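Student: Next one to model:
(one chain, ligands or ions: 1)
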Amino acid sequence: MAHLPNSESAPFSKSSNNDSRLGFHILTLFPESFDSVLSASLVGKAREKGLVDFQFTQIRDFSKDKHRTVDDTPYGGGEGMLMKADVLHDAWKEARRKIPEGARSTTIFLSPQGTPLTQSLAKELATYDDLVLVCGHYEGVDERFIEMCVDREISIGDYVLTGGELPAMVLIDVVTRLIPGVVGNEKSLSEETFEKGLLKYPQYTRPRNYEGREVPEVLLGGDHGAIARWREEKMRERTEKKRPDLLGKTARLKNQ
Ligand code: 21W
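Tutor: The predicted structure follows:
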């Protein structure tokens, strides 16, 4: 890795046996909004198995006044409100207090200005022991909080959401399924689109004929070589058609 911010401890690759519980520490004004994701099938099961663990810090609990204020107007003027540095800083310190000494952890601020989340970034994040996720709201946060506490900013794509909660849930989902023991078939992970840089081939299950549409003949015979070649060809064909940008990336990867 080229550069590690000061407060970030170095990650290393974990072995595939499970000493590898991942702790998510989420700073948010809306902890309830995570309920569905945390109990939903895959993440919920990983949590039941003890492979992931979630702790919430309600940012509002660290407000300094009786109105429980967490935001204020920007110096220099401009639209909207900003989340206050002192409130966020104190909430962050409380979340960090719950992380064991010596754990490899990093603080992520979900932000439209962040590095785009990709499968390869998710793989790197899955090697940590603890991830502190900060969800912003309003127009943004005081820059000093980012300077003092944030190791990296991550975006989930170029569109405007109302806050960092949905992006945090996306990150949790993406990273959780990469933890050994969460997705049953380890092979299915390496076969995936963003591993190979190609889209998946078309797939069929019974019946053989559905409303006049036949399953491709080659899949019905037992010629595994022929099936593999057919699938390979379909992967290229549909990637070229639907996501030519991915083909460019694969070519560049191979030329390195
Ligand atoms: C949206 C916060 C817009 C701040 C100049 C002046 C986290 C997100 C978010 C949000 C603004 C992510 C502006 C993809 C997202 C998130 C809420 C700034 C615009 N520019 N990934 N005003 N998309 N979004 N307002 O929205 O917190 S990760």
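Student: Confirm for me that Met83 is in contact with Glu143.
Tutor: No: here Met83 lies out of contact with Glu143, judged by Cβ atoms under 8 Å, at a distance of 11.0 Å. All C-beta spots, glycine's among them, are computed from the backbone N, C-alpha and C.
Student: So if I had to pick from these two, which one is more boxed in?
Tutor: Met83 (22 against 10; other Cβ atoms under 10 Å).
Student: Name the residues linked to the more buried one by a beta bridge.
Tutor: With DSSP bridges applied, Met83 shows beta-bridge pairing to Asp71, Val141.
Student: How much space separates it from Val43?
Tutor: According to Cβ to Cβ, to the nearest Å, Met83 stands 26 Å off from Val43.
Student: Any regions of the protein where pLDDT drops low?
Tutor: Scanning the chain for pLDDT under 70 picks out the ranges 1-19, 185-188, 250-256.
Student: residues from it in reach of the ligand?
Tutor: 110-112, 136, 139-140, 155-157, 159-164, 167 (Cβ under 6 Å from any ligand atom).
Student: please redo it, this time with the cut-off set to 5 Å
Tutor: Leu110, Pro112, Gly136, Gly140, Ser155, Ile156, Val160, Leu161, Gly164, Pro167 (Cβ under 5 Å from any ligand atom).
Student: What about the fourth one, how many residues nearby?
Tutor: Yep, that's Gly140 we're talking about. 19.
Student: ditto for the last one
Tutor: Counted with other Cβ under 10 Å, the neighbours of Pro167 add up to 23.
Student: doesn't Ile154 make contact with it?
Tutor: Yes: with contact defined as Cβ under 8 Å, Pro167 counts as touching Ile154 (7.4 Å).
Student: any idea which element Val132 lies in?
Tutor: Following DSSP states H and E, one finds Val132 within strand 130-135.
Student: Run the chain-centre distance for that strand.
Tutor: Relative to the centre of its chain, strand 130-135 is centred 11 Å away, using Cα atoms, centre = their mean, to the nearest Å.
Student: cool, stretch 130-140 as well?
Tutor: 13 Å.
Student: likewise stretch 222-232?
Tutor: Relative to its chain's centre, stretch 222-232 lies at 33 Å (Cα atoms, centre = their mean).
Student: And the helices in the stretch 51-200 of the chain?
Tutor: Ranges of helices in the stretch 51-200 of the chain, per DSSP state H, counting those that start in this stretch, are 85-97, 119-125, 143-149, 165-176, 186-190, 193-196.
Student: which parts of the third one are buried?
Tutor: I take that to be helix 143-149. Neighbour counts over helix 143-149 (16 or more other Cβ atoms under 10 Å) mark Phe145, Ile146, Cys149 as buried.
Student: ok, those vs His25, which is closest?
Tutor: His25 has its nearest neighbour among the buried residues of helix 143-149 in Cys149, at 12.1 Å by Cβ to Cβ.
Student: Now that closest one. Nearest residue, chain neighbours left out?
Tutor: Nearest residue to Cys149 in three dimensions, chain neighbours excluded: Trp92, at 4.7 Å (Cβ to Cβ, 6 or more residues apart in numbering).
Student: follow-up on the earlier one: and which of the buried residues of helix 143-149 is nearest the ligand?
Tutor: Ile146 (12.5 Å; Cβ to the nearest ligand atom).
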